[in-house]
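Engineer: below are the sequence and a predicted model for it; my questions follow.
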Amino acid sequence: GKFPADRATLGKLAGRLGSHGPTKGDWATIVAYAGDTRFADKAAALARYDRAVGLTALVKGLDSAKPRIATRLLSDRMVSIYGAGRNDIVADRVDVRVLAMIAYLRETFGQITVSSLISGHRLYARPGVVSAHIPGRAVDIAALSGVSIHGNQQPGGITERAVREILFAPAEIMPRQVISLLGMGGPSFPMGNHHDHIHLGW
């Protein structure tokens, strides 16, 4: 709620949560607490985001944590980024929201493959419109959990799961464009030339 809970309220809440035990998982515990699966989806996503960006980002803002997030991504074997894209990060050319989203998706899916940041991307997204990749405000995701986006954009597949999780991300890192072959509302919409990746642009 809007005001801090008193000791008695916290005691009741702790007992209620504790009765479900850790073996059922975070999501099941949140559902038991709130009785609302959508609330549980959003709360679980927020918990993963908090772990992904770390305490400094939560207390002082994303920009203050940018070097730490970048270093962690570059040293993580479960984050696969092509060589020129790694150089984009080292040169501090990539927007912190892009880095935070990569970290969030890595936390959510356990593995992520980035196929495009700045280097190697064409200048124009369409005639006369400079791509969001060029100023470092976009990322293309080619695989999650070791599963390629290419050939896996069917209902219930990895792409649908990914878009759904992206749409649960906090407002501060929510992309303006979430492009795949799927349209799932909000900033998510389909484009036929995105059969092999999910494009996220700010």
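Structural biologist: Received the coordinates, thanks. Residues are numbered from 1 along each chain as shown.

Engineer: tell me the mean pLDDT for whatever helix or strand Lys12 lives in?
Structural biologist: Assigned by DSSP states H and E, Lys12 falls within helix 7-18. The pLDDT scores in helix 7-18 average 82.

Engineer: show me what that helix is packed up against.
Structural biologist: Using 3 or more C-beta pairs under 8 Å, 6 or more residues apart in numbering; DSSP states H and E as the contact definition, the elements that helix 7-18 packs against are helix 25-34. Placement of C-beta: from N, CA and C, glycine included.

Engineer: can you name the next helix or strand after the helix it packs on?
Structural biologist: helix 37-53.

Engineer: tell me how far the closest residue in space to Ser119 that isn't next to it in sequence lies from Ala44.
Structural biologist: Beyond its immediate neighbours in the sequence, the residue positioned closest to Ser119 (C-beta to C-beta, 6 or more residues apart in numbering) is Ala84, lying 3.5 Å away. Note on Ala84: its distance to Ala44, by C-beta to C-beta, to the nearest Å, is 34 Å.

Engineer: those two: which has the busier surroundings?
Structural biologist: Each of Ala84 and Ala44 has its neighbours counted (other C-beta atoms under 10 Å); Ala44 has more, 20 against 13.

Engineer: count of neighbours near the spatially closest residue to that one that is not a sequence neighbour?
Structural biologist: The spatial neighbour of Ala44 that comes closest, neighbours along the chain excluded (C-beta to C-beta, 6+ apart), is Trp27 at 5.0 Å. Residue neighbour count, defined by other C-beta under 10 Å, stands at 15 for Trp27.

Engineer: any buried residues in stretch 49-63, and which?
Structural biologist: Neighbour counts using 16 or more other C-beta atoms under 10 Å place 49, 52-53, 57, 62 of stretch 49-63 among the buried residues.

Engineer: coming back round to it: OK, contacts around the residue nearest to Ser119?
Structural biologist: Contact analysis of Ala84 by C-beta atoms under 8 Å, 6 or more residues apart in numbering lists 117, 119-120.

Engineer: which element is it on?
Structural biologist: Under the criterion of DSSP H and E, Ala84 resides in helix 83-90.

Engineer: other SSEs contacting the helix or strand that that helix is followed by?
Structural biologist: Sequence-wise, the next helix or strand beyond helix 83-90 is helix 96-109, with elements assigned using DSSP H and E. For helix 96-109, the packing partners by 3+ C-beta pairs under 8 Å, 6+ apart come out as helix 37-53, helix 62-75, strand 112-116, strand 138-144, helix 158-167.

Engineer: residues contacting helix 96-109, please?
Structural biologist: Helix 96-109 is contacted by residues 45, 48-49, 51-53, 57, 62-63, 65-66, 69-70, 72-73, 76, 78-79, 89, 112, 114, 117, 136-139, 141, 144-145, 162, 165-166, 169, 172-173, 175, 200, 202 when judged by C-beta under 8 Å, 6+ apart.

Engineer: just the buried subset of these, please.
Structural biologist: Buried residues within the contacts of helix 96-109, defined by neighbour count using 16+ other C-beta under 10 Å: 45, 48-49, 52-53, 57, 62, 65-66, 69-70, 72-73, 79, 89, 112, 114, 117, 136-139, 141, 144, 162, 165-166, 169, 173, 175, 200, 202.
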